[in-house]
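>>> sequence first, predicted coordinates after that:
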Amino acid sequence: MGWQRKILRVNLTEGTCTAEPLNMAWAAQYLGQRGLASKYLFEEVDPKVDPLSPENKLIFATGPLTGTIASTGGRYSVITKGALTGAIACSNSGGYFGAELKMAGWDMIIFEGRAPKPVYLYIENDHAELVDAGDLWGGSVWHTQEAIQKRHQDPQIRVAAIGRAGENQVLFACVVNDLHRAAGRSGVGAVMGSKNLKAVAVRGTLGVAGIKDPQRFLEATAAAKKVLAEHPVTSQGLPKYGTQVLMNVINEVGALPTRNAREVQFEGAPKISGEAMHEPRPTDGKPNLVRNAACFACTIACGRISRIDPNHFTVKNKPEYWGASGGLEYENAWSLGADTGVDDLEALTYANFICNEHGMDPISFGATVAAAMELYEMGVLTTEHTGGLELRFGSAEALARLAELTAHGEGFGREIGLGSRRLCEKYGHPELSMTVKGQEFPAYDPRGIQGMGLTYATSNRGACHLRSYTVASEVLGIPHKTDPLSPDGKAELVKAFQDATAAWDSTGLCLFTSFAWTLADIAPQIDAACEGEWTVERLAETGERIWNLEREFNLRAGLTAKDDTLPRRLLEEPARSGPAKGKVNELGKMLPEYYRVRGWGEDGVPTTETRQRLGL
Amino acid sequence: MLRSLHIDPGKCTGCLQCELACSLRNDGVMNPARSRIKVFAFHDEGRFVPYTCTQCAEAWCMQACPVEAIRVNTATGAKEVVASLCVGCKVCTIACPFGTVNYRADTGKVIKCDLCGGDPACAAACPTAAITYIDAEWTGLERMRQWAARASAAQPQA
């Protein structure tokens, strides 16, 4: 079956936990995880509700391959109406938590209402209860996991929690599981905090059985693992350098947003790259990187485990940060580094640790700091506003201090916690916010990689690289090379990537497998595991259905075609250097074409025909 | 040639493919809770260590068993639990210095690694060769080779 066919409904207001059967008719249409949970959200939540009100719901969802032996089969997603964007939010995470939830016998948890006082959900197989979390409130993610494992006397309990950022309603707060894996974007942690829900703790010992055709499943997963083991990106690049393999590459392409996207290349990129993480530090002779690590069932192992030089100014006299922990991914090295102009690898690692410890999205945090730095250098923000902090581009001290202040909801950190759009609006310069639908865009400049402009503009959860990673095609030539500086053909490319990714995110598998796999590698695994026939065509159509459903949610939430745009800077200020020098993003050419290939009207609304074709 | 499992924690990434493969081979389910090999994570050091039965020559579990339910497979050298004889007294779990024999409440029997009859699923599933099934008399060979290479590199050139 692939599915456990059971969901847990938790009413936080009433304090009840109720099991109910999974809607298998919806599973046939939306598969699982991102798709299926979006369907539940769409049917159960009024898109116009305040994201931080009890009327919003928060869904933790696994996919049919979560918990299985399929490579990377350990993902889960958190779906809700996003605190940062007001749009539908779906944040995906690895680690071990998702698999543990599935092995406890659940496909999904739906949280409703708001607890009268802080609680956490404890699940042990069939048993689920809400437990008082008064003593955990105010504590970090790291402390919360340790305390819950001690309380239930089981070190194997997996915990997904919010830190102080989620409690303090930092609008880009995330949910962190297994210490440093995060459902990172769109402020899903702020929604969790608004519900007085500190953590979800799971121990599952039932395992995953009931695969439709076990022998065929083993053969399909083994064949797919072989593909990963033989592809240079998934067998060499990602294990050795992690996503940080991209830092120097994207900088050379001229698409590394730098100093709040004023520039597209960063002179300090080599110092904060994956290569630099391997180099022995001059101070203590040890490299930043300790080793690579895998999420559940993953045969790629791109995760970074790092250790900060204990003599570095950020951690001097703070032994709690001297151990190894989740290190820099490419996005974080970019947002905390290139975008703020900081080239101090140890300081970036520290800021990243703080983001993990207290549950903040480092992409949005770093990009908001970058916007604040630009406002400071313009003289709009002064030390009066910042409590004495000099927010100059390149200041590692300011970055580290702001990470602490934002996580703890103190001083100027409270303003950073609003995110870049609200911060820039507050100080009269909305055009300096590098956001779409209120969400900060990540580490690819759409002047140097045109398809990413269309990707950001049309992403249902706000600017995001994980909704159609056209970098694969435009820079890496996967599955075929397209010209990054040309808008031609990008509408079709973006649609195809968006649909495939929506299906991918609904399986329980990691998107990084897509460097080596296509849907043709996934279809046999799903088909062997799940009832019904799952072909490449059906997966692509499922992806398209999911994309349009998310779009419908947003339209009903009040978003329109006007929100499918980019910050003015990307459309009007040409790139100053590199291969893209003189270029702006040509969204105006791509967007009408995109609406057409999507089967939407000029107003960006799916036509009746499209809705009927997809069964919406 | 007698072979044994050889574990190199330096290569382990913590993916748990070995635990999944073990539970699948032995219990027909994908469930780390039923695995006879366990990966321990030491977060602060950033280390992952797979751990399972060493198949001791003078196996204390076997010697402690009052009903002779643990027997040697002469082909593989594995000490195997005969489930039909096991009475679930748990003496073997106390006798084992390494904790690699474990009691299962649902069956009332103990479980331990039996080398899958000579084709260990964990080694086959490991994507990084952190677990290998090699000549039992030369489990240290690779480490010796590494040190020999260092010694060779340290030699002054003639």
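That came in fine, so what should we check first?
>>> gap between A:Gly341 and A:Met277?
19 Å (C-beta to C-beta, to the nearest Å). For the C-beta atoms, the positions are set from N, CA and C on the backbone; glycine is no exception.
>>> let me see the contact set for the residue of chain A found nearest chain B.
Nearest residue of chain A to chain B: A:Gly207, at 2.5 Å (C-beta to the nearest C-beta). Residues near A:Gly207 by C-beta atoms under 8 Å, 6 or more residues apart in numbering or on different chains: A:Gly67, A:Met103, B:Ser23, B:Asp27, B:Val29, B:Met30, B:Asn31, B:Ala33, B:Arg34.
>>> and A:Gly578, backbone torsions?
phi 80, psi -170 (degrees, to the nearest 10).
>>> again, but for A:Ile59
Torsion angles, degrees, to the nearest 10, at A:Ile59: phi -120, psi 130.
>>> got it, and A:Thr80?
According to degrees, to the nearest 10, A:Thr80 has phi -170, psi 180.
>>> what parts of chain B come near chain A?
B:13-17, B:20-21, B:23-24, B:27-34, B:43-48, B:125, B:127-128 (C-beta under 8 Å from any C-beta of the partner chain).
>>> quick one, which of the residues you listed are buried?
B:13-17, B:20-21, B:23-24, B:27, B:29-34, B:43, B:46-48, B:125, B:127-128 (16 or more other C-beta atoms under 10 Å in any protein chain shown).
>>> out of those, which sit inside strands?
B:Arg47, B:Phe48 (DSSP state E).
>>> show me the buried ones among the residues of chain B next to chain A that map onto helices.
B:Gln17, B:Leu20, B:Ala21, B:Ser23, B:Leu24, B:Asp27, B:Ala125 (DSSP state H).
>>> quick one: which two of the contacts of A:Gly207 are the most distant?
A:Gly67 and B:Asp27 (14.6 Å; C-beta to C-beta).
>>> returning to that earlier point: could you find the closest non-adjacent residue to the residue of chain A closest to chain B?
Using C-beta to C-beta, 6 or more residues apart in numbering or on different chains and skipping the chain neighbours, the partner closest in space to A:Gly207 is B:Asn31 (2.5 Å).
>>> my guess is the one you found contacts A:Thr205, does it?
Yes: counting by C-beta atoms under 8 Å, B:Asn31 does reach A:Thr205; the two are 6.9 Å apart.
>>> how about the residues of chain A near chain B?
Going by C-beta under 8 Å from any C-beta, the residues of chain A near chain B are A:67-69, A:71, A:96, A:103, A:179, A:204-209, A:214, A:218, A:225, A:229, A:239, A:290-299, A:301, A:303, A:305, A:307, A:323-325.
>>> now do the contacts for A:Gly184.
For A:Gly184, the contact set (C-beta under 8 Å, 6+ apart) comprises A:Ser91, A:Ser93, A:Cys174, A:Asp361, A:Pro362, A:Ile363.
>>> next, count neighbours for the third one.
Looking back up the chat, that one is A:Cys174. Burial measure for A:Cys174: 33 neighbouring residues, criterion other C-beta atoms under 10 Å in any protein chain shown.
>>> possible to save the contacts of A:Gly207 as TSV with pLDDT?
TSV is the format used below for the contacts of A:Gly207 (pLDDT from 0 to 100):
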residue	pLDDT
A:Gly67	97
A:Met103	97
B:Ser23	96
B:Asp27	92
B:Val29	93
B:Met30	96
B:Asn31	96
B:Ala33	94
B:Arg34	94
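>>> now do the strands in chain B.
Going by DSSP E, chain B shows strands at B:3-7, B:38-42, B:47-51, B:70-72, B:79-81, B:102-104, B:109-111, B:131-135.
>>> what sits up against the second one?
In this case it means strand B:38-42. B:Cys12, B:Gly14, B:Leu16, B:Cys18, B:Glu19, B:Pro32, B:Arg47, B:Phe48, B:Val49, B:Pro50, B:Tyr51, B:Thr52.
>>> now the fourth one: closest residue in space, sequence neighbours ignored.
What it means is B:Cys18. B:Cys122 (3.7 Å).
>>> what is the nearest of the contacts of A:Gly207 to A:Phe497?
Set against A:Phe497, the nearest of these by C-beta to C-beta is A:Gly67 (26.8 Å).
>>> hang on, that closest one in a helix?
No: A:Gly67 sits outside any helix when classified using DSSP: H, G, I helix; E, B strand; the rest coil, being coil.
>>> and it, how many neighbours does it have?
The tally of other residues near A:Gly67 (other C-beta under 10 Å) stands at 32.
>>> returning to that earlier point: same list, the contacts of A:Gly207, but as TSV with distance to A:Met247 please.
Listed next are the contacts of A:Gly207 as TSV, based on distance: C-beta to C-beta, whole Å:
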residue	distance to A:Met247
A:Gly67	33
A:Met103	36
B:Ser23	39
B:Asp27	44
B:Val29	42
B:Met30	36
B:Asn31	39
B:Ala33	39
B:Arg34	42
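>>> quick check, nearest of these to A:Glu586?
Closest to A:Glu586 out of the contacts of A:Gly207 is A:Gly67 (43.7 Å), distances taken as C-beta to C-beta.
>>> which residues does that closest one contact?
A:Gly67 neighbours (C-beta under 8 Å, 6+ apart): A:Gly73, A:Gly74, A:Gly98, A:Ala99, A:Glu100, A:Lys102, A:Met103, A:Gly207, A:Val208, A:Phe296, A:Gly508, B:Met30.
>>> filter those down to the buried ones and hand me the ChimeraX line.
The following ChimeraX line selects those of the contacts of A:Gly67 that are buried, judged by 16+ other C-beta under 10 Å:
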select /A:73,74,98,99,100,102,103,207,208,296,508 /B:30
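>>> out of the contacts of A:Gly67, list just those in helices.
A:Gly98, A:Ala99, A:Glu100, A:Lys102, A:Met103.
>>> leaving out chain neighbours, which residue sits closest to the third one?
Setting aside the residues directly before and after it, A:Glu100 is nearest to A:Arg158 in space (C-beta to C-beta, 6+ apart), at 4.0 Å.
>>> ok, the one you found touching A:Ala104?
No: here A:Arg158 lies out of contact with A:Ala104, judged by C-beta under 8 Å, at a distance of 9.5 Å.
>>> any shared contact partners between the two?
A:Val202, A:Arg203.
>>> now do the contacts for A:Leu206.
So A:Leu206 contacts A:Met103, A:Ala104, A:Gly105, A:Asn125, B:Asn31 (C-beta under 8 Å, 6+ apart).
>>> dihedrals phi and psi, the spatially most central residue of chain B?
Note on chain B: the residue nearest the mean C-alpha position is B:Thr52, at 3.1 Å, using C-alpha atoms, centre = their mean. When read as degrees, to the nearest 10, the backbone of B:Thr52 gives phi -160, psi -180.
>>> OK, contacts around it?
B:Leu5, B:Ile7, B:Arg36, B:Ile37, B:Lys38, B:Thr100, B:Cys113, B:Cys122.
>>> switch to 6 Å and redo it
Applying C-beta atoms under 6 Å, 6 or more residues apart in numbering or on different chains to B:Thr52 gives the contacts B:Ile37, B:Thr100, B:Cys113.
>>> the residues you listed in helices, which ones?
Among the contacts of B:Thr52, no member lies in helices (by DSSP H).
>>> most neighbours among those, which one is it?
B:Ile37 (26 neighbours).
>>> one step back: TSV please, covering the strands of chain B and showing mean pLDDT.
Converted to TSV, those look like this (pLDDT from 0 to 100):
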stretch	mean pLDDT
strand B:3-7	95
strand B:38-42	97
strand B:47-51	97
strand B:70-72	97
strand B:79-81	97
strand B:102-104	95
strand B:109-111	97
strand B:131-135	95
